[in-house]
Structures are given as structure tokens and as C-alpha cells.
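K.L.:
just to be clear, the model below is a prediction. Sequence and coordinates:
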Amino acid sequence: MANHTVAGNTLKSGDTAGAGVGSTVHSPAAADPAHSPAGPAADPATAGPAPTGARRELTAAVTDTLIDFLSAELSMLDRIDPALRPFAQVARDTVLGGGKQLRPMFAHWGWRGVVGTTPSVTPVLPALAALELLHAFALVHDDVMDASATRRGLPTAHRRLAGQHRDAGRAGDPDRFGDAAAVLVGDLCLVWADRLLATADLPASTLLAVRRCYDQMRVETIAGQYLDILGEAESADWPIDRAMRVARYKTACYTVLRPLHLGAALAGPATDPAVWAAYRRYGTDVGEAFQLRDDLLGVFGDPARTGKPAGDDLRTGKPTALLLVARELATETQRAELAAAVPPAGTTGPDTAAGPDAAAVARMTEIVVETGAAVRVERMIEQRVATAVAALDTAPIDDAARTALTGLAVTATTRQT
């Protein structure tokens, strides 16, 4: 078993994960359209320093917890049948594939905000690490739904599993096999998350409260995911307020808000209601800003850094807030061009399955810039970060957690990956 020592088991107040309050509202792209429409690159002067020792140590502790847990789980699957080995390896690689571990980070600082920097992190590490397993479940299923080819610069789970099928010369359609097997990989990650969470060394009443928060997070995530795919089928009629609702439930709740609440629940039943309220305001705003940044990266991001092709959201006509703002601000001619680029809802077949070609996507991107939609979305991000940080100012939480969460609000919403 790995030795999980995180800043002497305390995460000292000097080892925080971000910058000060004043760095949260600066957005060059919002003030100057000459800057990249996708927003400024992370700048040490505005977006906080690189991960500190405490953040690196927490990330290592979460990773060690996952490695220990997955080692035992993969051994058990191997005993069932060695044929499960390649399947299980895809699941393991998905979990340990180099993600940012934002959800464990938010949960950790949500917990620290209540308990302070003295208690050991070891008893709650399984709960923090379980969030990475839940995230892996969501990513794998999302990639199948979106038919994505890459994730973090590598083939997605369903593509890897299809390749295994093809290389082995098995009967049947490799792509159909890959999709089906990837659904099972996602399901397995979800079960693993439940199993790991149950091992947290906490009183039964605390673990039950944590579980209630965790279950609510899962329901909200699935609701948001369904609304996301429904939006692609009803893109022409999708209003901006519904796009923001999708952002809230698909992303904000499960990335920031509920991990923070889970952290507060880990602290026990005596948590001040004012803490829950502050976490709700902060988590909703940072989570929505996180999704808005994702919308910008989906159009303007560098594939070498995001690990995903640029323009996919435009190609599929996904009704992101960015696209809907562009439609709202567009001239009649621009609006007609946007509408013509995406096949109408309900159309299928070889001529429409691939969506618009590269030239049409490039023109759609130009329209998003020309309308000022990218700048408008940058302002939406900076406004949400500012209100999120303000919610922490008077919250009755530990000062080290306040500083760390302020930094995370910046790094999560100015990222370029």
C-alpha cells in the first residue's frame, strides 16, 4: 500500500493552489478583441503559479490510491477469465490517463475549508479518488455518444476496443463491438467508484451523508448529459437559458459544486449552513465558467493541447452557449450561413452524417468571431469567476482553503487544455 503523505498529512496554508483574489477578473480577450478569441493563455501574472508542492502531493496521493485499488480489481477480473485482461487494461488506462484531477481537488479543499489544515487526508482519500473513477465513467460514455476519436491526444476507449477486435480478426463489426465494450468500461468505472467510496475510513453516518451527495451528483450528471444530446437533436430551437442549464447540470454540478459539497459532507454533520451556501454560489459560477471555457476551446483550442479536434461542436451543431450567442448577435446573412452549414434535424445518410466540411467549419468559426460572441462569452466567464470569488470572501471557511479555491477558480477557467 502506498504511503499517502500530503504536506505532512496537513496541506499547510503556505502550500496553496493558486493566485490571489485580484487575479480573477482580468481577461485580455474581453477587453481587447485582438487577443485570441479563445481567451488568454495561462499567464503566471494573472492565472496563478504552476501547481504547488501541496497540489502535486495531493495529486500523487490520489493517483497512488487509484493504483492500489485498480491493481486489486484487475487481479480479480483476471481470475474470472484472462480474456478480460485487454478490456480491463483499457479501463485502467482511462482512469490513469493523465487528467487534471480537478474534482478531487475541489472536494479536498471543500473538506479543508471546514476541518482546517491539521487533520490527516488519509481517511478521506478513497472518497476523493472515487471522483476520478466517476469522471472516467462519464468521459467514456460521452465519447461513445459523441463518436469522438481522441481523448487527451490518444484514441478513445471505444476506438481502442474496436482496434482490439479488428486486430484479433474476430467476427462482426469492430466499431459496434468497440462501442458496446466501451459502455461496459464506463459501467465498470461507475461500479469501481462506488466500491472505492465505501472504503473511506469515516463514521457510518458521515459516509451516508457523503453518499447522498454523491448520488445526487450522479443523477444531475445524467440529466445534464441527456439534455446535451437532446440539444443536438433540437439545435435550431434551443434557447440560451437551456444551454446554460445543460452547462450547470452536465458540468458545473459534477465538476465543482457537488465535489465541494461532498467535501463539506466529509467534514461531518456540524458543517455551518453558510459554508454550504457559499460553496453553492462559488461552485455554480465556477462550474458554468468552466463549461464556457470548454465551449471556447472546442472552437478555438489547439488540438495539440486539448487532445481533441477543433471545431467538433460547430461540425455537429451542438447548441453551446457560444454558438447560441453567435446566432443572437449575427446579422440575418450570418445567421443563414450558420443554419445552412449544419444538416437539419432529422436528416441522416452518407451525405449528412459527416456534417459540414472543413471550409464550412472555418467559415462558422469566422462568424463566431465576427459577431463578437467569443468576446461576450469571455465576459460571461470573468463575471462568474468574480462572483464566485466574492462568495468566498465572507464564508466561514479556513483561510488556506479560501486562497486555494480562489486560485482554482482562475486555473480551471483560464485553462488551454
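P.N.:
Okay, I see it. Here the structure is a predicted model, which means the values were calculated and not measured. Numbering: from 1, shown residues only.
K.L.:
so what's the residue nearest in space to the middle of the chain up against?
P.N.:
Centroid check for the chain by C-alpha atoms, centre = their mean gives residue 255 as the closest residue, at 5.4 Å. When contacts are counted by C-beta atoms under 8 Å, 6 or more residues apart in numbering, residue 255 is found next to 102, 103, 106, 287, 290, 412. Glycine gets a C-beta too; all of them are placed from N, C-alpha and C.
K.L.:
using the three-state scheme, assign the nearest residue to residue 251 once chain neighbours are set aside.
P.N.:
Leaving aside its sequence neighbours, residue 251 sits nearest to residue 291 (C-beta to C-beta, 6 or more residues apart in numbering; 4.0 Å). Secondary structure, DSSP: H, G, I helix; E, B strand; the rest coil: residue 291 is helix.
K.L.:
and the pLDDT at residue 291?
P.N.:
At residue 291, the model reports a pLDDT of 95.
K.L.:
distance of it from residue 147?
P.N.:
Per C-beta to C-beta, to the nearest Å, residue 291 is found 21 Å from residue 147.
K.L.:
these two: who's more crowded?
P.N.:
Remark: of residue 291 and residue 147, residue 291 carries more neighbours, 24 against 14, as counted by other C-beta atoms under 10 Å.
K.L.:
list the contacts for that one?
P.N.:
Applying C-beta under 8 Å, 6+ apart to residue 291 gives the contacts 247, 250, 251, 252, 321.
K.L.:
returning to what we had before: so which of the contacts of residue 255 wins on neighbours?
P.N.:
The member of those surrounded by the most neighbours (other C-beta under 10 Å) is residue 106, with 31 neighbours in all.
K.L.:
now that one: which helix or strand?
P.N.:
helix 102-115 (DSSP states H and E).
K.L.:
so which other helices or strands are in contact with the helix or strand that that helix is followed by?
P.N.:
Downstream of helix 102-115, the next assigned helix or strand under DSSP H and E is helix 125-146. If contacts are counted by 3 or more C-beta pairs under 8 Å, 6 or more residues apart in numbering; DSSP states H and E, helix 125-146 sits against helix 53-80, helix 85-95, helix 102-115, helix 157-167, helix 174-197, helix 204-233, helix 258-266.
K.L.:
how far does helix 125-146 sit from its chain's centre?
P.N.:
Relative to the chain's own centre, helix 125-146 is displaced by 9 Å; criterion: C-alpha atoms, centre = their mean, to the nearest Å.
K.L.:
rounded mean pLDDT for the helix or strand that it is followed by, please.
P.N.:
Using DSSP H and E, the next helix or strand after helix 125-146 towards the C-terminus is strand 150-151. What strand 150-151 shows for mean pLDDT is 88.
K.L.:
now stretch 187-201
P.N.:
Rounded mean pLDDT across stretch 187-201 is 98.
K.L.:
now what about that stretch, what contacts it?
P.N.:
Contacts of stretch 187-201 with the rest of the structure, by C-beta under 8 Å, 6+ apart, involve 65, 69-70, 73, 88, 91, 94-95, 122-127, 129-131, 133-134, 136-137, 140, 207, 210-211, 214, 218, 266.
K.L.:
the same query, at a cut-off of 7 Å, please.
P.N.:
69, 73, 91, 94-95, 123-124, 126-127, 129-130, 133-134, 136-137, 140, 207, 214 (C-beta atoms under 7 Å, 6 or more residues apart in numbering).
K.L.:
pull out the buried residues from these.
P.N.:
Among those, those classed as buried by 16 or more other C-beta atoms under 10 Å are 69, 73, 91, 94-95, 124, 126-127, 129-130, 133-134, 136-137, 140, 207, 214.
K.L.:
and the helices and strands packed on helix 125-146 as CSV, adding distance to residue 277?
P.N.:
As requested, the helices and strands packed on helix 125-146 are arranged in CSV below (distance: least, C-beta to C-beta, whole Å):
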stretch, distance to residue 277
helix 53-80, 26
helix 85-95, 33
helix 102-115, 13
helix 157-167, 38
helix 174-197, 25
helix 204-233, 15
helix 258-266, 11
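K.L.:
quick one: residue 107 and residue 263 touch, right?
P.N.:
Yes. Using C-beta atoms under 7 Å, residue 107 is in contact with residue 263, at 4.2 Å.
K.L.:
shared neighbours, these two?
P.N.:
By C-beta under 7 Å, 6+ apart, no residue touches both residue 107 and residue 263.
K.L.:
so where's the stretch 51-200 of the chain shaky on pLDDT?
P.N.:
Scanning the stretch 51-200 of the chain for pLDDT under 70 picks out the ranges 51-52.
K.L.:
okay but residue 307 is in contact with residue 155, surely?
P.N.:
No. When contacts are counted by C-beta under 7 Å, residue 307 is not listed as touching residue 155 (10.8 Å).
K.L.:
name the element the nearest residue to residue 264 once chain neighbours are set aside belongs to?
P.N.:
Setting aside the residues directly before and after it, residue 264 is nearest to residue 271 in space (C-beta to C-beta, 6+ apart), at 4.9 Å. Following DSSP H and E, one finds residue 271 outside all helices and strands.
K.L.:
now residue 271: how far from residue 183?
P.N.:
Residue 271 sits 37 Å away from residue 183, going by C-beta to C-beta.
K.L.:
equivalent analysis for residue 91, please.
P.N.:
12 Å.
K.L.:
residue 115 now?
P.N.:
Applying C-beta to C-beta, the value for residue 115 to residue 183 is 38 Å.
K.L.:
rewinding a little: hang on, the residue nearest to residue 264 packs against residue 114?
P.N.:
Yes. Between residue 271 and residue 114 a contact is recorded at 5.2 Å, counting by C-beta under 7 Å.
K.L.:
anything in contact with each of these two?
P.N.:
residue 264.
K.L.:
circling back: so which elements touch the helix holding residue 106?
P.N.:
helix 53-80, helix 125-146, helix 258-266, helix 273-300, helix 399-413 (3 or more C-beta pairs under 7 Å, 6 or more residues apart in numbering; DSSP states H and E).
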